[in-house]
Structures are given as C-alpha cells and as structure tokens.
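A.B. asks: Sequence plus the predicted model coming up.
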Amino acid sequence: MIVKVLIATVLTMAAFVLPIRAATGPPNDDFANRITLTGTNFTASGSNTNATKQPQEPNHAGVADGKSVWWSWTAPADGEVEITTDGSDFDTVLGVYLGGSLSTLSPVASNDDRSQRLVSSRVRFLTSAGTNYQIAVDGSRDNTPSFGVIRLNVALTRGPIVRPTNDNFSSGIVVTGMSQVVIGSSINGTREPGEPLHAGEPGDTSVWWRWRVPASGEITISTEGSSFDTLLAVYTGSAVSNLSLVASNDDVNAAIGIRTSEVIFNATAGQILQVAVDGYDGAWGDIRLTMGPVVRPPNDTFTNRIVVAGSSLVVTGANVRATRETGEPQHAGQIGERSVWWSWTVPNSGSFAVLTEGSSFDTLLGVYTGISVTNLSLVASNNDASPPAVRTSLVIFDATAGQAFQIAVDGFEGAIGNIVLQIRPLQPLLGMPTVLSDNSFQFTLTGLPGQTNEIQASTNLTLWTTIETLVNSNGAIIFKDSGGIGFSRRFYRAKVK
C-alpha cells in the first residue's frame, strides 16, 4: 500500500509528494495465516516484529498486548505435550486454543512467565491424537521491547502417562509418627484446577502428603536429599481450592546453590497438615521428605554457648537451623540470622588469631566481651578473610590472661553448614616435648597457619642460635632436632620471622 503525504514549505509554498511504505508484518500475523507445524519434538522459529492484534482476538494469558503471531499443530498421538518459548529474545506470552476461528476459540493452556526468574513461557497439557491446537505467541508489557525473535519448542511424550499415586490432593499419602522420612517421586505430576502456587512459583508437578501432628511444638519439614529444585508448601484445609497457608519455601539458600526447600513453624498436636512438594519451573524427580521436631544446635543461644579452653585449639560445630536472638548484634555488620556461640578465657597474655578456615560456607565472625547478648562490646569482627577467594573469616587481637571472650559464628545472608573454629596464638608456642629413642628431641610448634617461624636453641638462655626456619603450614607441626643429640641441656624457643 502506498500512502501519499503532502508537505508544503512556508516560504516557497512548493509541494512535494513522498511515498511512505507501511511496515511489513510477519507472515503469520493473522490467525487465518497461521503456520502449520508437524512432528513430536521440534523447534520453530519466527518473529513478532511489526505484528498486530486482530479484533476478537483474546488476551493471551490475560495480558493485553498487540503483537501476536500464530501457529497450528495437530497432535500425532495421545500423550502429554510441553510447549515453551525458551530461546526467544524478549518477554513472551503463550496461549494454546481449540477452534477454527478467532470468535470460536476455547483456551487449553496459557502462561506469561515460566517463573519469577524466567520471562519465557511454558505450558503443559494432555493431548489427543488428531486434535488440532492453535498456538499464539505475543509480547508482554512487563518488559520492553515486547517483540523480537521467537523460538517455539514443542515436545510430545506419547501416552499412556503414568501419574504419581499422590498426584492429586484427594490422594495425598498419609504419614504417621513424629519423626519421619518418606520417599516419593513427582515424575509426571500435575497441578490441579484451583491448586495454589506453592511458594508463589508456577511449578505444576506437585504431589501431596497428609500428616497429623503427634505432639505440639516447633516442626520442620524439608526436601533435603531430593534430586531436583523443589517447592515446598504446608497448608491446613480439606479441599485443594480452599487451603490456608501455614508455611512455604522455594530454596533453602539459592546463593550457595541449595535448591531444596525447608519450612519451620509451630504446630499443635492433632493438627492435620497438607504437604505439597512441587518442582520449580516444572522440574520433577525423586523426593526425600523429612518431617519432625526442630533440632537446634546446642550452642544456638548466647546463654548456651560452648566453653572452650587452651591457647591453641580447634573446635567443630554447625549452624544448621540456628537462629538469631532478639537484641543480638549483626556480626561483621552483615545480616546472618544463623549464629552459634562459644566462650573462651585467655590462658596467657598475647596476640591471638580467631579464624573459621575449614568451614563449609561463607562465614561471619564476631568476638565480644560481655555477659549478655543485648549488652556486648565488640572486640573484632570479619566477614571474609580475603575476598573474593577466601570466604571464611579471620580476626586478630591482643588479649590479657584471664580475659573472657564471647565468639559468634554466623552465615553470610543466612548461609549454613559445618563450622571449624580455630584459635591460634600469633606468637608460636612450643609444646609436647619428647625425647626419642635415638636421644634426639621432638616437640610440637603451634601458631598461625602459613606463618614462617624460626626455631632457635641455646644452652644458657643467653646465646641463641637459629637451627631451623620453617613454614607452619596447618597451624600445628612436629619438629625434630636431630642436631640436639649429645647436649647435657638444651633450650628452645620459636619466633616469627
């Protein structure tokens, strides 16, 4: 089509006629010109650039935009099909329909965003051999641009489809007892009409359990050990369309790659809980579901801190299911929420290093004085010893014999795991002297890992000779003085080089 535009200048009144061509739309812009697709597993390419929306065309997935294009696909077999727009370069909307004209379309399935993190679209539904489906891809106004290159992916699983026995809410598996581990699967699970979005995410592969709580108290339910990225939700109620949420969770800690789920809440004896496990973005797999009373670390609270002794020591622990107390400071100025506590009294004055090297997660470390969690005085704190490579923590400070310190280890942004807490004197110490069978002398050198030390010897405590320079690789090493044989007496000391 050629449109003539008349442009006149003010000064000369001369007239010009300029041809302007209308933008060309995609070949499948109109429903009547939809492209026919064939096959069971394939990807079709296209574009909705310069596409339009026709009169009587529905709002796909409830989104009112106007850049739709159309395909038509006839299912070659009974089964279940998944259609996605993964690989498209814009925020898509997807709708699938039955019907031969815009005015007679009936919806089969639709989707805007696959999840909160993915803006491509995905639908999944049962097919019947010979049924013709109309597929529309549009752009979402949530992001711009709302047009671009389209990748339409179709994958058909031929029937019959075997569903999990507890796929439907009404078929939830009954669990009895206080501490239970149940095994299941969500492969080929589905989402029922009226079923809520578990943890606020579209999953659509949910399965159900039903548990009567045996005793009142704090309860935890976890999918740890499951083979996929889970969604977990706990409800009360007797119908899938009329449930009351108790607790839900997507990821325990996505920042460190823990994609299973856990919820902790208070429950009352006799309460019937409906437990749904779904898959993020339609993921499915083997499920390991653990439910029972919450077990906190023994040193979760400040008043239950573990007392440790010695000038050089290594203790282990964990902050899994630990909590942050009311009035507790933010260790290293960061949000942690998973702190555990130790108490240490200095046996000898000097400089000391406290570190979490060897811990399995990104730690926060705080050292304080004081006898109440709400009235502590900060001595030293640290997030990362050497970012970004070293995410464990290290503090160094001077201490006086008899001084009591309270030590908190937390997880950065709620990280959890196994803790290795080390206290090392900055000045190396010699200990555990032993005379060996060959009359040589052996002792243990303890100090800061990686520190270079000189071992010196003397016969009169006045004249000292360096007999060895070595690196304390792990904080505690054994040194043997083979040259000490034959001395009637010999003194040793260690110095930082």
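C.D. replies: Received it, and whenever you're ready, just let me know what you need.
A.B. asks: Break the chain into its domains for me.
C.D. replies: 31-158, 169-293, 302-425, 429-496 (automatic domain parsing).
A.B. asks: export the ones you listed to CSV and tack on mean neighbour count, mean pLDDT and distance to Thr24?
C.D. replies: Where C-beta positions appear, they are placed from N, C-alpha and C, glycine not excepted. Shown next, in CSV, are these (neighbours: other CB atoms under 10 Å; pLDDT from 0 to 100; distance: least, CB to CB, whole Å):
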stretch, mean neighbour count, mean pLDDT, distance to Thr24
domain 31-158, 18, 93, 6
domain 169-293, 18, 94, 35
domain 302-425, 18, 94, 50
domain 429-496, 14, 85, 68
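A.B. asks: Turn those into TSV, columns for distance to Gly25.
C.D. replies: Formatted as TSV, the domains of the chain follow (distance: least, CB to CB, whole Å):
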stretch	distance to Gly25
domain 31-158	5
domain 169-293	31
domain 302-425	48
domain 429-496	67
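A.B. asks: ok, now which ones touch Asn143?
C.D. replies: 90-91, 119 (CB atoms under 8 Å, 6 or more residues apart in numbering).
A.B. asks: run the last query once more with 10 Å
C.D. replies: Neighbouring residues of Asn143 by CB atoms under 10 Å, 6 or more residues apart in numbering: 90-92, 113, 119.
A.B. asks: now swap in Pro55 and tell me
C.D. replies: Here Pro55 is in contact with 102-103 (criterion: CB under 10 Å, 6+ apart).
A.B. asks: three-state assignment of it?
C.D. replies: Of the three states, Pro55 takes coil under DSSP: H, G, I helix; E, B strand; the rest coil.
A.B. asks: what about it, distance to Asp30?
C.D. replies: As judged by CB to CB, to the nearest Å, Pro55 and Asp30 stand 11 Å apart.
A.B. asks: Need the three-state assignment for the spatially closest residue to Glu337 that is not a sequence neighbour.
C.D. replies: Nearest residue to Glu337, sequence neighbours excluded (CB to CB, 6 or more residues apart in numbering): Arg324, at 4.6 Å. Three-state assignment for Arg324 (three-state DSSP): coil.
A.B. asks: Quickly note the distance from Arg324 to Phe302.
C.D. replies: For Arg324 relative to Phe302 (CB to CB), the value is 11 Å.
A.B. asks: Would you check that Lys53 makes contact with Asp138?
C.D. replies: Yes. Between Lys53 and Asp138 there is a contact under CB atoms under 10 Å: 7.7 Å.
A.B. asks: Next, show the common contact partners of those two.
C.D. replies: Joint contacts of Lys53 and Asp138 (CB under 10 Å, 6+ apart) are 59-60, 64-68.
A.B. asks: So which of the residues you listed is the closest to Ile416?
C.D. replies: Closest approach to Ile416 among these (CB to CB): His60, at 42.0 Å.
A.B. asks: Contacts only, for the closest one.
C.D. replies: Per CB under 10 Å, 6+ apart, neighbours of His60: 53, 68, 92-97, 107, 110-112, 121, 135-140.
A.B. asks: Skipping its backbone neighbours, what lies nearest it in space?
C.D. replies: His60 sits nearest to Gly95 (CB to CB, 6+ apart), 3.4 Å away.
A.B. asks: one step back: in strands, which of the contacts of His60 fall?
C.D. replies: Counting by DSSP state E, the part of the contacts of His60 found in strands is 92-97, 107, 110-111, 135-139.
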